[in-house]
Structure formats: structure tokens, C-alpha cells
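> Sequence and predicted structure, then a few things I'm wondering about:
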Amino acid sequence: MTLHKGWIRECRQCVSPHFNARPDDEVSLLVIHNISLPAGQFGLPYIDQLFQGCLDIQADESFCDLQGLEVSAHFLIRRDGELVQYVSCDARAWHAGVSSFAGRAGCNDFAIGIELEGTDSLAYTDEQYERLTQLTLVLFDAYPMLNRNLIVGHSDIAPGRKTDPGESFDWHRYRASLVTE
């Protein structure tokens, strides 16, 4: 995988309008999330539509709370390992909401958001862990402030408000995969 001007060339690009400039051009945190629309259902077009601002809220009764929501992430890793990019890594995606890390508020300002298609309680796939590892190593190369200690779950930066990526995410497996020679 290669990164050029904040975009991974070897992935599907599905550009979101929900982003803006980073205030300090800093990337120093990775935030791992999960998402499924509707909850617990996979492989459907609704995540792309949500991040692009064109979700038909009448497609499922659970979507009623999503009307007018402006949200995005930099990446989505689907269950089969497909990588989708919505926002350049050099821009601020709107994934973290009200958040703080190490005493700094507004994690969107300095974080890259990676969504895993999944739920808090269902195991993620081998393909997702493999793609997440590949992506993380490319991001480490491109953004020298990033390292294994600057990767958190959404629940870590928005405790009490968010629970993802949930107890089903194997942090040990993921961190162990990031050891480079």
C-alpha cells in the first residue's frame, strides 16, 4: 500500500463531504471504531451513504436518529478486508465527536479514524486484522508522530459515551502484529 497526498492508492475511494482542514496539520493518534448499519448487518451500502451524507433514513427504521448527521471517518475496513477511504489523512474527518486524549480535547484535530465493520460483541475477521495491520504500518511510515502507544479505541477518548471497538476487538493480537524488524 502506498500513501500519496493523504490517500491510499490501493483502496476504494468513496469521498465524503464531511471533513475540513486540520488546524495544525498534525497526525499523532489513531482511533479504532466499529460500525454496522443497520446494527449487526454487514456488506450493505449504508455506511458509504452515511459518510457521503446521502443515507435514505427511510431504508431502515433504526436510521431515524441519523437524519442530518454529518459524520465521516478516514477509513472503513469491511468484514472481507476491503479497505475504503472517505477522507484524506491530511484532512480532519468527523469521527471522534466530543473527545479527549492525554489532556487534549477535540481528537478529530490530530487523529485518523479507522472504522471496522462490526459490533462490540462479534469477533472481527482475520481479513480485517490483516488489513488493519497493513494500513497502520503505512500510516506509521507516513506520519512519524504515530506509534503503537498512540492507538486507542473510540471508548478510550469518549468514555461513557462510546464503547467501540468493544470487547470483541483483540488489542493484543493487533499490537503484536505491529512489531517490525
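Good, I have the coordinates. This structure is a prediction, so every number in the text was calculated from the model and none was measured.
> so where is the chain shaky, pLDDT-wise?
180-181 (pLDDT under 70).
> if you set the cut-off to 90 instead, what comes out?
179-181 (pLDDT under 90).
> hey, where'd the helices end up in it?
Per DSSP state H, the chain carries helices over the ranges 46-52, 126-142, 154-157, 171-177.
> Who does the residue most central in space within the chain form a beta bridge with?
Centroid-nearest residue in the chain, with CA atoms, centre = their mean: I114, separated by 1.8 Å. With beta bridges defined as DSSP bridges, I114 has these partners: I32, F75.
> For A39, see how far away it is.
19 Å (CB to CB, to the nearest Å). Just so you know, the C-beta spots here come from the backbone N, C-alpha and C atoms, and that holds for glycine as well.
> Next one: the residue nearest to the centre of the chain relative to E82, how far apart?
In terms of CB to CB, I114 sits 13 Å off from E82.
> list the contacts for the closest residue in space to I112 that isn't next to it in sequence?
Nearest residue to I112, sequence neighbours excluded (CB to CB, 6 or more residues apart in numbering): H74, at 4.9 Å. By CB atoms under 8 Å, 6 or more residues apart in numbering, the contact set of H74 is Q85, Y86, V87, S88, C89, A93, H95, I112, G113, I114.
> L83 is in contact with the last one, correct?
No: with contact defined as CB atoms under 8 Å, I114 and L83 do not form a contacting pair (9.5 Å).
> got any residues that touch both of these two?
Common neighbours of I114 and L83 (CB under 8 Å, 6+ apart) are F75, L76, I77, L135.
> Please report the number of neighbouring residues for the second one.
Read that as L76. 24 (other CB atoms under 10 Å).
> contacting residues around it?
Neighbours of L76 in contact, by CB under 8 Å, 6+ apart: I35, I47, F51, L83, V84, Y86, I114, E115, L116, E117.
> Which residue ranges of the protein form strands?
Taking DSSP state E as the criterion, the chain carries its strands at 3-4, 7-8, 12-13, 19-21, 29-35, 75-77, 83-85, 91-93, 100-101, 104-105, 111-117, 151-153.
> So what are the sheet partners of the second one and their directions?
Right, the one you point to is strand 7-8. strand 3-4 (antiparallel).
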